[in-house]
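Novice: build me a model:
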Amino acid sequence: MAQVAHGEPELRRVIDEDRELDGVGEQELLDLYRSMVLLRTYDERSLVYHRQGRIGTYAIFWNHEAMQAGSVHALAREDWIFPSYRESAIGLLRGMPPATVLHWWRGHPAGWWNPSEYNVASICVPIATHVPHAAGLAWGKKLKGEAACAIVYFGDGATSEGAFHEGANFAAVMQAPLILFCNNNQWAISTPLSAQTRAETLADKAVGYGMPGTRVDGGDVLAVYEATREAVERARAGEGPSFIEAVTYRAAPHATADDPRAYIDLERVEQEKKNECLGRYERYLRRLGVLGDELEAEIKSEAADAMRAGITAAEAEPDPDPELLFENAYVIPPPNLREGWID
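Specialist: Numbering: from 1, shown residues only. Sure, this is the predicted structure:
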């Protein structure tokens, strides 16, 4: 059942309530932890990678790992994932090599993958434009009689975009097996949530489309897992889409090109950093006796090794052929392009 937090209606929590989830044993708890550590390591190393000038602008997702790991672990392998730029590394949880995601941030052709290999769609940078794509794929799975569903990730700002409303409405009308997962970190770059909507909560928007809306603590990986698992069960039962609003507070810049000191609540940021999602989960696992110092060090070392190998592999890739920019755009490239870019 949903746990109500003071001042935050129907915000579900598990970790702070010291609850345990049915069907989630020690191995599943540790698998969630490994995924969170891998994502955290990727994000922290990518920030260093950017500062060294080895990739361009990077969208930080520090303290969002609970939302990503918790929701992905509630899916089956045949289910599809539609990430936004904030979930750029989510393919790692499906076995995608770190080098592939690093290539994407480098603008290298090796950073694009065949979506059907991982059931992970291409990373979407335009806000909310992938919501109709996810709704269409989910509807297609239903038409084919397949059990698979889809999940689409977007931020709070996306709920102000037309594509979000079109995709949500289409999924609801067609009873498509879709989970609409809103990462509400309360900032759309520098625009606060209060300037995005007059609704009391973003989950309220689900009512207009005739689908259930659930609010969870986005820093609680088990609450996210539980809510997503329920949404997946609804989807597989033919009951249509669900909306999940995962509430957190952005404790890092929107991206490496952003200086949030001009607009963000710096005191709130420091509070959130003290209770960030990975540390919260580590403390929970230690209370259960599932995680100790030796195992924690081993898991973090594995993630660091994976990132070092990924960076080495990414930088060993030869520079791409500039012809790739034009070979599918022109039958005969204009002379000025060939002279200025290709030759």
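
Novice: next, the buried residues of stretch 303-316.
Specialist: Neighbour counts over stretch 303-316 (16 or more other CB atoms under 10 Å) mark 303, 306, 307, 310, 311, 313, 314 as buried. C-betas here are computed from N, CA, C, even on glycine.

Novice: so of those, which ones are in helices?
Specialist: Counted as lying in helices by DSSP state H, out of the buried residues of stretch 303-316, are 303, 306, 307, 310, 311, 313, 314.

Novice: reformat these as a markdown table; add distance to residue 17.
Specialist: Formatted as a markdown table, those follow (distance: CB to CB, whole Å):
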| residue | distance to residue 17 |
| --- | --- |
| 303 | 28 |
| 306 | 33 |
| 307 | 34 |
| 310 | 37 |
| 311 | 39 |
| 313 | 42 |
| 314 | 41 |
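
Novice: all helices for the stretch 101-250 of the chain, in order.
Specialist: Secondary structure of the stretch 101-250 of the chain (DSSP state H, counting those that start in this stretch): helices at 115-118, 130-143, 162-173, 221-236.

Novice: quick one: the second one to helix 221-236, angle?
Specialist: Right, the one you point to is helix 130-143. Angle, helix 130-143 to helix 221-236, by axes from the mean of the first three to the mean of the last three CA atoms, to 10 degrees: 50 degrees.

Novice: in helix 130-143, what counts as buried?
Specialist: For helix 130-143, by 16+ other CB under 10 Å, it's 130, 131, 132, 133, 134, 135, 136, 137, 138, 139, 141, 142.

Novice: okay if I get those residues as JSON lines plus distance to residue 106 and pLDDT?
Specialist: As requested, the buried residues of helix 130-143 are arranged in JSON lines below (distance: CB to CB, whole Å; pLDDT from 0 to 100):
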{"residue": "130", "distance to residue 106": "22", "pLDDT": "98"}
{"residue": "131", "distance to residue 106": "27", "pLDDT": "98"}
{"residue": "132", "distance to residue 106": "29", "pLDDT": "98"}
{"residue": "133", "distance to residue 106": "24", "pLDDT": "98"}
{"residue": "134", "distance to residue 106": "26", "pLDDT": "98"}
{"residue": "135", "distance to residue 106": "31", "pLDDT": "98"}
{"residue": "136", "distance to residue 106": "30", "pLDDT": "98"}
{"residue": "137", "distance to residue 106": "28", "pLDDT": "98"}
{"residue": "138", "distance to residue 106": "31", "pLDDT": "98"}
{"residue": "139", "distance to residue 106": "35", "pLDDT": "98"}
{"residue": "141", "distance to residue 106": "33", "pLDDT": "98"}
{"residue": "142", "distance to residue 106": "37", "pLDDT": "98"}
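
Novice: as TSV, the residues you listed with distance to residue 111 would be great.
Specialist: Below are these laid out as TSV (distance: CB to CB, whole Å):
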residue	distance to residue 111
130	17
131	23
132	24
133	19
134	21
135	26
136	24
137	22
138	26
139	29
141	27
142	31
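
Novice: just want the angle from the helix or strand containing residue 29 to helix 221-236.
Specialist: Secondary structure assignment for residue 29, by DSSP states H and E: helix 26-51. Interaxial angle of helix 26-51 relative to helix 221-236 (the same axes, to 10 degrees): 110 degrees.

Novice: now do helix 26-51, average pLDDT.
Specialist: For helix 26-51, the mean pLDDT works out to 97.

Novice: which helices and strands does that helix pack with?
Specialist: Where contact means 3 or more CB pairs under 8 Å, 6 or more residues apart in numbering; DSSP states H and E, helix 26-51 is packed against helix 65-72, helix 98-106, helix 221-236, helix 277-288, helix 293-316.

Novice: please redo it, this time with the cut-off set to 6 Å
Specialist: helix 65-72, helix 293-316 (3 or more CB pairs under 6 Å, 6 or more residues apart in numbering; DSSP states H and E).

Novice: buried sites along that helix?
Specialist: For helix 26-51, by 16+ other CB under 10 Å, it's 29, 32-33, 35-43, 45-47, 49-50.

Novice: quick one: the helices of the stretch 101-250 of the chain as CSV, columns for distance to residue 191 too.
Specialist: As requested, those are arranged in CSV below (distance: least, CB to CB, whole Å):
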stretch, distance to residue 191
helix 115-118, 31
helix 130-143, 19
helix 162-173, 15
helix 221-236, 24
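
Novice: chain neighbours aside, what residue packs nearest to residue 204?
Specialist: Nearest residue to residue 204, sequence neighbours excluded (CB to CB, 6 or more residues apart in numbering): residue 213, at 6.5 Å.

Novice: what distance do you get for the residue most central in space within the chain to residue 154?
Specialist: Centroid-nearest residue in the chain: residue 87, 3.3 Å away (criterion: CA atoms, centre = their mean). To residue 154, residue 87 is 9 Å away according to CB to CB, to the nearest Å.

Novice: just to revisit the earlier point, can you add distance to residue 335 and give the helices and strands packed on helix 26-51 back as JSON lines?
Specialist: Listed next are the helices and strands packed on helix 26-51 as JSON lines, based on distance: least, CB to CB, whole Å:
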{"stretch": "helix 65-72", "distance to residue 335": "47"}
{"stretch": "helix 293-316", "distance to residue 335": "34"}
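
Novice: which of the ones you listed sits closest to residue 208?
Specialist: Each of the helices and strands packed on helix 26-51 has some distance to residue 208 by CB to CB; the shortest is helix 65-72, at 23.0 Å.
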